[in-house]
Each structure stands twice: as C-alpha cells, then as structure tokens.
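[1] The sequence and its predicted three-dimensional model are supplied below.
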Amino acid sequence: MDITVNGTLHSLDLPDDTPLLWALRDGLGITGVKYGCGIAQCGACTVHIDGQAVRSCQVALGDTWGDVTTIEGLSAPDALHPVQQAWIAHQVAQCGYCQSGQIMQAVDLLSLNPTPTDEDIDQVMSGNLCRCATYPRIRAAIHTAASMMREA
Amino acid sequence: MYKTLFPLVLIGTAFAATAETGQPLDISALPEPGSIDASDALAAWDRIHDVASHPRCLNCHVGEDGIPLWGTVAQPDRPHGMAIVAGDSRIGAAGWSCRTCHQTSTRPNRVEHAAPHTGMDWQLAPVDFQWVGRTSAEICQQMRDPDRNGGRDAAGLVEHILHDAELIGFITWSFDPGAGRAPAPGSLQSHLEDMAIWTAAGMPCPQ
C-alpha cells in the first residue's frame, strides 16, 4: 500500500494491520522513530500525521489517514526546527532514546499553543516518558523554542 | 426537534447489521409503545443501569473536571494515567488530543493494555451525560430528558444504539472491548431490547 513519509511516496508490501511504527522502521528503514512499549504508554514512537502528533504504535498502516512526518523529515540538517535548536541549546538529551518522540510532541504543542505555560507543557508532555528524567530541560527547551518561534 | 425514528425501527428490516462485525441486531421483536407494564420497564431500566454504571461506560461519562478514568470493577475510581484532562472540548487539550493515542478504527482491539479504539473519534461523553457519582434515579432522569440527552425522544434513544452499531461506536465497543478489558454486562442485543422495553413504557424511573 502507498504511504507518504517525509514528502516521499512509498509503496509497502505489508499487511494493512501492521503498526505504522514497524512499517516505518522495518519497512522503510526510518529508525528515528523508536519502539518503547507498543501500547501508547510511553510516547517514544510519536510521529506526525498531517501535522498531528500520534503514537505510531497505535496506528494500523491501513488506517494512516494522511502524510507522515518523522524526526528525519521535521527539518533540513542545515536549518533545524526551532524545537531542535532549543533542544541542543539546553543539551536536553541524556541517553536520547525518547527524544525524537519528545520533540515531535513538543512541535505539535507549539503549533497549537505558541505561548504554553509550565502547566500546559507538563500536561501535554506527560505522556512522553523519559527514564533519564530530563523533564526540567525539556520544559525549558520548549519555552525557548516558543520564544524563537514567536520572534521568527 | 426530537429525533423520531421509532416507526422506522418497528417497521424496518428485521435485522440491522453492524458495519463489520457481522453480528446483526434483531429488531423484529422490539415492543410496541404502550405494550409494556411499569414493572417490566423498571426491570429493564435496572439492566440498563447495570450497563451505564459499569466502568466500561463510567470511565468516559465523567464530570466537569474532564478527567477520564481507568476504572475497573475492583477499582472504579482510578484516574486515567498520564495526567490526562480532556478539557471543555472533551476531546483533549491543545496538542494532546485523545486521538494522539486512541485511533478511529473499526479493527478489533487485540493488544492488551493498548489504547482502545472504536469507529468513532475518541472523546468523553458530553458533560450533561455525567454518570460518575450519580444514582440510578439521577441517570434515569438524565437519559429521559431531551434537554440533557442530546435531544432524543424514546425512538431517538433506540435509534442511538442502532446508529452506534453501524459505526461500531462506543456502545458497541463496550460489550466487546477486546483484550484484557471487562465488557459491560449483557450484550448489545440485550441492551437494545432493554432500551426498547423501557422506552415503550414511557421511560419510567426509580424513585
């Protein structure tokens, strides 16, 4: 079946109930998206479908309703998304495993709420777990990214 | 304007097939209005209340706080994890909608502990439909009140179940919630019949 990922149309010969996560990782070799739990409990597999953050482990390939964006397609390497720039500025990542999911969720948050409060951030990001507990840096980076995007 | 499809229910096809489950609902024996006595209707209401007060339904029929539950029969008041607040929209906060995890899909729910899905977009029931913390009499009064039940009259309440079955929506899902989840008591067919009995008798409520 056909699926557009990061602006490129792909044809995949996989069962239509394959989780989008595995279609991306095993079918297309796009490995920025991570497997954490497989049951929407951790957020590591977060990607965008038509700009909305979704847990790709919960989306059947055949139910994918729009264009998919992964961390690889969020920006060009020489022009990082403000959220990615803020992540670097705050040195958010420790082990890094959850970070692509964190960033994809944060981008969706800021697209809908350009001036999030601490409470807004905590609420929206509470489904993205970080076992290194980088949460204070995640929150700070989101505030920084919000400022950058408002000033852009 | 109230939804008035009861005649269609009674004279329409005897079986209303659900979209993909292949489990038809038999509507051939639903009672005529006025043919049910009060005691049978109240017994039907008690069974409807058994469904409405089951955690499978209560978990999303919450109050103004908009906090869904992960309740079970043993622990009905356990809040949804991840500090979820569905907000006034009842579909989630900005950047964090129910659909982030709960997909809209008629596929079977096969994975234990995964976010369940139905053929309808995931959402809390409207706040007027709060059943958590409500008595049987209070839920009954709400369900029969068109100002608090989505504008439905007796026929509309029956049609609501048939429409849900076509979509494989929340009512249908509650009786077949998939891996690891306790279903609401009875079946969609028995719930439809109870609703038809209760509404045919004028929707009497317990005191």
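    Thanks, I have the structure now.
[2] Kindly provide the distance from the most centrally placed residue in chain A to A:K34.
    The centre of chain A sits closest to A:M104, judged by C-alpha atoms, centre = their mean, with a distance of 2.4 Å. Separation of A:M104 from A:K34 (C-beta to C-beta, to the nearest Å): 11 Å. The C-beta positions use only the backbone N, C-alpha and C, and glycine is treated the same way.
[3] that older thread, need the contact list for the residue nearest to the centre of chain A.
    A:46-48, A:53, A:69-71, A:74 (C-beta atoms under 8 Å, 6 or more residues apart in numbering or on different chains).
[4] what about 7 Å?
    A:M104 is in contact with A:46-48, A:53, A:71, counting by C-beta atoms under 7 Å, 6 or more residues apart in numbering or on different chains.
[5] go on, B:E193?
    Shown in contact with B:E193 (C-beta under 7 Å, 6+ apart): B:L30.
[6] Kindly report the residues of chain B close to chain A.
    When proximity is defined as C-beta under 7 Å from any C-beta of the partner chain, chain B approaches chain A at B:82-83, B:85, B:93-96, B:99-101, B:103, B:105, B:107, B:111, B:113-115.
[7] now, which of these lie within strands?
    B:93, B:96 (DSSP state E).
[8] if we can go back for a sec, tell me the two of the contacts of A:M104 that are most distant?
    With distances taken as C-beta to C-beta, the most widely separated pair in these is A:A53 and A:I71, at 11.8 Å.
[9] which residues of the chain fall in helices?
    If you meant another chain, say so; for now it's chain A. For chain A, the helices defined by DSSP state H cover A:20-22, A:28, A:82-89, A:99-112, A:118-124, A:135-151.
[10] my question was about chain B
    Under the criterion DSSP H, helices of chain B are mapped to B:6-11, B:38-52, B:55-58, B:136-144, B:154-167, B:170-174, B:188-200.
[11] follow-up on the earlier one: which one (most neighbours) among the contacts of A:M104?
    Tallying neighbours with other C-beta atoms under 10 Å in any protein chain shown puts A:T46 at the head of the contacts of A:M104, with 32 neighbours.
[12] residues touching that residue, list them.
    If you count contacts by C-beta under 7 Å, 6+ apart, then A:T46 has A:53-55, A:101, A:104-105, A:128 around it.
[13] Adding distance to B:S53 and pLDDT as columns, could you present these in JSON lines?
    Below are the contacts of A:T46 laid out as JSON lines (distance: C-beta to C-beta, whole Å; pLDDT from 0 to 100):
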{"residue": "A:A53", "distance to B:S53": "34", "pLDDT": "97"}
{"residue": "A:V54", "distance to B:S53": "32", "pLDDT": "98"}
{"residue": "A:R55", "distance to B:S53": "30", "pLDDT": "98"}
{"residue": "A:G101", "distance to B:S53": "37", "pLDDT": "98"}
{"residue": "A:M104", "distance to B:S53": "39", "pLDDT": "98"}
{"residue": "A:Q105", "distance to B:S53": "35", "pLDDT": "98"}
{"residue": "A:N128", "distance to B:S53": "34", "pLDDT": "98"}
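[14] Determine which two of those are furthest apart.
    A:V54 and A:N128 (12.5 Å).
[15] Please name the nearest non-neighbouring residue to B:H160.
    Closest residue in space to B:H160, ignoring its immediate chain neighbours: B:R152 at 6.1 Å, by C-beta to C-beta, 6 or more residues apart in numbering or on different chains.
[16] My guess is that neighbour contacts B:D145. True?
    No. Look at B:R152 against B:D145 with C-beta atoms under 7 Å: they stay out of range, at 9.5 Å.
[17] Compare these two and say which one has the larger neighbour count.
    Applying other C-beta under 10 Å to B:R152 and B:D145 shows that B:R152 carries more neighbours, namely 21 against 12.
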